[in-house]
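J.: With the sequence up front, the predicted model follows.
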2 protein chains.
Amino acid sequence: MLTSECICTHLRRAARGVSRHYDEALEGFGINVAQFSLLRHVRRLDQPSISSLAEAMGLDRSTLGRNVKVLEAEGLLALAEGNDLRNRLVILTEQGKARVLAAEPAWEAAQRSLVDNLGEAQRDELVRLLEQLA
Amino acid sequence: MLTSECICTHLRRAARGVSRHYDEALEGFGINVAQFSLLRHVRRLDQPSISSLAEAMGLDRSTLGRNVKVLEAEGLLALAEGNDLRNRLVILTEQGKARVLAAEPAWEAAQRSLVDNLGEAQRDELVRLLEQLA
DNA sequence: GGCGGATGCGGGTATATACACCTATTCATG
DNA sequence: CATGAATAGGTGTATATACCCGCATCCGCC
């Protein structure tokens, strides 16, 4: 009976499995799906602060700071000082932009194979439900 | 446009957020939702091996072994030898059973507040979609 | 009975994630 | 302007997660 099933457990399991699917597709580009997502968020938000980026991604600030550090060491992200002496801006380097562009077709293939298996209507429904959860 | 959104990112974000919701509810019981789920799986499967438990949960074997170790140190799980000298059985201790029982009402409250916000039809739809992804 | 593949696990290493706490800076307000 | 609250980050610690590799054991087959 559905009532006895933990929705959170289902979500976590699905997130793990789907992450593996995308990670497999991204193999060879030197980034995993979490990093791919982080890079794309930075590209979209254009020099966000650590906090605003964390907020946008629904991540703890400290988590995001550490994730950024990994990509900074790879030369894909850089940190610059903002107006405020407190905050720092996350910047997508040229190398970072190139890496995202290079990986995007593989990401798209992974996404497509998933949507093929789901159908577009169910994909939309899934995304809608996930957004409602957040 | 939905096509440009990463389903995996959505899933991961939702999993994080919902996990936080359940973790909050489980605060005070000394376990988080991942551990709660692990304990319940052990209870349901009744002395599974590490591998079969990992398989059932969609987790890597080594991950599961480490997660078990944490709960073993807390006295909630124990490891026994199976028929085979290779495999080990994961056992829910009396303390572990008691902990799950104690935490279950809090888990249920968290689940209920989530379902209240979602509606039962959408809950069923969500679970169905998540299972289809796995 | 021995040998090669299969199976079950643990450990090394790395990233992802969160919370609690600390520091530095900024801001609001008296 | 001084002081306390609010804000931005970093660090310490702990768990979650995965992949790779190595070791022990088992099993099928000759």
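T.: Received the coordinates, thanks. Residues are numbered from 1 along each chain as shown, chains lettered A, B, ... in the order given.

J.: need the contact list for residue A:7.
T.: Contact analysis of residue A:7 by CB atoms under 8 Å, 6 or more residues apart in numbering or on different chains lists B:18, B:111, B:114, B:115, B:123, B:126, B:127. Glycine gets a C-beta too; all of them are placed from N, C-alpha and C.

J.: I'd guessed the last one sits against residue A:5; true?
T.: Yep, that's residue B:127 we're talking about. Yes. Look at residue B:127 against residue A:5 with CB atoms under 8 Å: they come within range, at 6.5 Å.

J.: Including secondary structure, neighbour count and pLDDT, could the contacts of residue A:7 go into JSON lines?
T.: Below are the contacts of residue A:7 laid out as JSON lines (DSSP: H, G, I helix; E, B strand; the rest coil; neighbours: other CB atoms under 10 Å in any protein chain shown; pLDDT from 0 to 100):
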{"residue": "B:18", "secondary structure": "helix", "neighbour count": "25", "pLDDT": "97"}
{"residue": "B:111", "secondary structure": "helix", "neighbour count": "21", "pLDDT": "96"}
{"residue": "B:114", "secondary structure": "helix", "neighbour count": "18", "pLDDT": "95"}
{"residue": "B:115", "secondary structure": "helix", "neighbour count": "17", "pLDDT": "95"}
{"residue": "B:123", "secondary structure": "helix", "neighbour count": "20", "pLDDT": "95"}
{"residue": "B:126", "secondary structure": "helix", "neighbour count": "25", "pLDDT": "96"}
{"residue": "B:127", "secondary structure": "helix", "neighbour count": "18", "pLDDT": "95"}
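
J.: ok, the residues you listed vs DNA strand C, which is closest?
T.: When the contacts of residue A:7 are compared for distance to DNA strand C (CB to the nearest atom of the strand), residue B:18 wins out at 10.1 Å.

J.: Tell me who's in contact with the residue nearest in space to the middle of chain A.
T.: The centre of chain A sits closest to residue A:37, judged by CA atoms, centre = their mean, with a distance of 2.3 Å. Neighbouring residues of residue A:37 by CB under 8 Å, 6+ apart: A:57, B:6, B:8, B:9, B:12.
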